[in-house]
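In: Sequence and computational prediction follow.
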2 protein chains.
Amino acid sequence: MKEIEEILERNKIRVTASRLLVYRYLYERRSVVALSEIENAFGRADRSTLYRTIKTFEENRIVHQIDDGTGVLKYALCEPGCNCNIKSDLHLHFHCNECNETKCLTDHKIPPIEVPDGFVAENANLVIKGVCDKCNLN
Amino acid sequence: MKEIEEILERNKIRVTASRLLVYRYLYERRSVVALSEIENAFGRADRSTLYRTIKTFEENRIVHQIDDGTGVLKYALCEPGCNCNIKSDLHLHFHCNECNETKCLTDHKIPPIEVPDGFVAENANLVIKGVCDKCNLN
DNA sequence: TCAGCAATGCAACAGAAGTGCATTAATTCA
DNA sequence: TGAATTAATGCACTTCTGTTGCATTGCTGA
Ligand SMILES: [Mn+2]
Ligand SMILES: [Mn+2]
Ligand SMILES: [Zn+2]
Ligand SMILES: [Zn+2]
């Protein structure tokens, strides 16, 4: 918890109770989570506070947003060194059709994609759907 | 219009007025459209009818759904020979940050993507964001 | 200390997706 | 043909997500 305080301070984010808790939750889940999940995890906290907490994290680049195609925006802690806004750093995301969890495949970068003449690519989002490692054990 | 009737019949879709109109609209737009755009194009038609029309097209594989990351589901006519459910046929989509239009890049297939051990890829969605050919002329 | 700014809680809103149900239209088949 | 059956439509309504306005509370730094 002391470490989380330091992380927040290092990123110029004021330390508050809900920020600590949300960060810890994201850290412990080690996964990609929707706002509604955070909401359920903290029954007493207000949704808009959690929403703004996540947005603050996002603006300060310690969380990145993921659109995994489920229709709900999800979020994950940035790994150390994650420059989620830089094109070359874009990693892909895997959505498991069995357990419905989405994972950051942090060290699987999106390969360079060719676009037709006249088009300029600035950004990319790649989501692979299938069955994850855990679900494949069964 | 006669041709559209034939296409519908060939795909075992009953021919109705709204189906003809929606199909023609999609055909003429030659683009990726949201339900709300169809809605605006036909002021008089009911939203749920249009919704179910699109769903019917989708089930019968003459339209495919696109999640371009804008938060709104979009749809486009399948090109002849499009097997949008088969992995090898997955083409990529381009979203222009200038004009906000999304295009099917039908003959740009998603390259084979490596996933970590234990993961099985079944499907993929790749959206490139940037500036499209038309907007680049300015 | 207290003025000023930031964070929170509550309410409310907007947009999209989806559904239940009664009505209307089209098909089937006796 | 005409009744019975099935499909499509229109309308209203719900749910879910994301988002914002605003008053209140809490923190901080001159
Ligand atoms: Mn990620
Ligand atoms: Mn397409
Ligand atoms: Zn799984
Ligand atoms: Zn454009």
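Out: Okay, I see it. Ligands and ions are numbered 1, 2, ... in the order given.

In: How about the contacts made by residue A:84?
Out: The neighbours of residue A:84, taking Cβ atoms under 8 Å, 6 or more residues apart in numbering or on different chains as the test, are A:61, A:64, A:78, A:90. (C-beta placed from N, C-alpha, C; glycine too.)

In: Considering those, which possesses the most neighbours?
Out: For the contacts of residue A:84, counting by other Cβ atoms under 10 Å in any protein chain shown, the largest number of neighbours falls to residue A:64: 23 neighbours.

In: Check which helices and strands the helix or strand containing that one sits against.
Out: Element membership of residue A:64 [criterion: DSSP states H and E] is strand A:63-67. For strand A:63-67, the elements it packs on are helix A:47-59, strand A:73-77, judged by 3 or more Cβ pairs under 8 Å, 6 or more residues apart in numbering or on different chains; DSSP states H and E.

In: how about the longest strand along chain A, does it get close to ligand 1?
Out: Ranked by residue count and defined by DSSP state E, the top strand of chain A is strand A:120-131. No: with Cβ under 5 Å from the ion as the threshold, strand A:120-131 lies outside contact range of ligand 1, at a closest distance of 10.2 Å.

In: So which bits of the helix or strand that that strand is followed by are buried?
Out: Proceeding N to C from strand A:120-131, the next assigned helix or strand is helix A:133-136, under DSSP H and E. Residues residue A:135 are the ones in helix A:133-136 that count as buried (16 or more other Cβ atoms under 10 Å in any protein chain shown).

In: helices or strands next to helix A:133-136 in the packing?
Out: Using 3+ Cβ pairs under 8 Å, 6+ apart, helix A:133-136 sits against no helix or strand.

In: Other residues contacting that helix?
Out: A:96, A:98, A:99, B:116, B:117, B:118, B:119, B:120.

In: Mind exporting the C-alpha coordinates of that helix to CSV?
Out: Provided in CSV are the C-alpha atoms of helix A:133-136 (Å, rounded to 0.1, in the frame of the first residue of the first chain):
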residue,chain,number,x,y,z
ASP,A,133,-4.4,-21.0,-21.3
LYS,A,134,-6.3,-21.6,-18.1
CYS,A,135,-9.5,-22.7,-19.9
ASN,A,136,-7.4,-25.0,-22.1
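
In: Give me the mean pLDDT for the longest strand of chain A.
Out: Mean pLDDT, strand A:120-131: 95.

In: now the angle from it to strand B:63-67?
Out: Angle of strand A:120-131 versus strand B:63-67, following axes from the mean of the first three to the mean of the last three Cα atoms, to 10 degrees, is 110 degrees.

In: Residue A:65 is in contact with residue A:74, correct?
Out: Yes: assessed by Cβ atoms under 8 Å, residue A:74 is found in contact with residue A:65 at 7.2 Å.

In: Is there any residue in the longest strand of chain A that contacts ligand 3?
Out: No: using Cβ under 5 Å from the ion, strand A:120-131 never reaches ligand 3; the gap is at least 6.1 Å.

In: So for that strand, what gets flagged as buried?
Out: Buried-residue list, strand A:120-131, by 16+ other Cβ under 10 Å: A:120, A:123, A:124, A:125, A:126, A:127, A:128, A:129, A:130, A:131.

In: could you measure the last one against ligand 4, distance?
Out: I take that to be residue A:131. Noted for residue A:131: a distance of 37 Å to ligand 4, by Cβ to the ion, to the nearest Å.

In: Please, which helix or strand holds residue A:28?
Out: Assigned by DSSP H and E, residue A:28 falls in helix A:17-29.

In: Need the CA coordinates for that helix. PDB is fine.
Out: What follows is helix A:17-29, C-alpha atoms only, in PDB (Å, rounded to 0.1, in the frame of the first residue of the first chain):
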ATOM      1  CA  ALA A  17      -8.600   6.400  -0.400                       C
ATOM      2  CA  SER A  18     -10.500   5.400  -3.500                       C
ATOM      3  CA  ARG A  19      -7.500   5.800  -5.700                       C
ATOM      4  CA  LEU A  20      -5.400   3.500  -3.500                       C
ATOM      5  CA  LEU A  21      -8.200   0.900  -3.400                       C
ATOM      6  CA  VAL A  22      -8.800   1.000  -7.100                       C
ATOM      7  CA  TYR A  23      -5.200   0.700  -7.900                       C
ATOM      8  CA  ARG A  24      -4.800  -2.200  -5.600                       C
ATOM      9  CA  TYR A  25      -7.800  -3.900  -7.100                       C
ATOM     10  CA  LEU A  26      -6.400  -3.500 -10.600                       C
ATOM     11  CA  TYR A  27      -3.100  -4.700  -9.400                       C
ATOM     12  CA  GLU A  28      -4.500  -7.800  -7.700                       C
ATOM     13  CA  ARG A  29      -6.800  -8.700 -10.500                       C
END
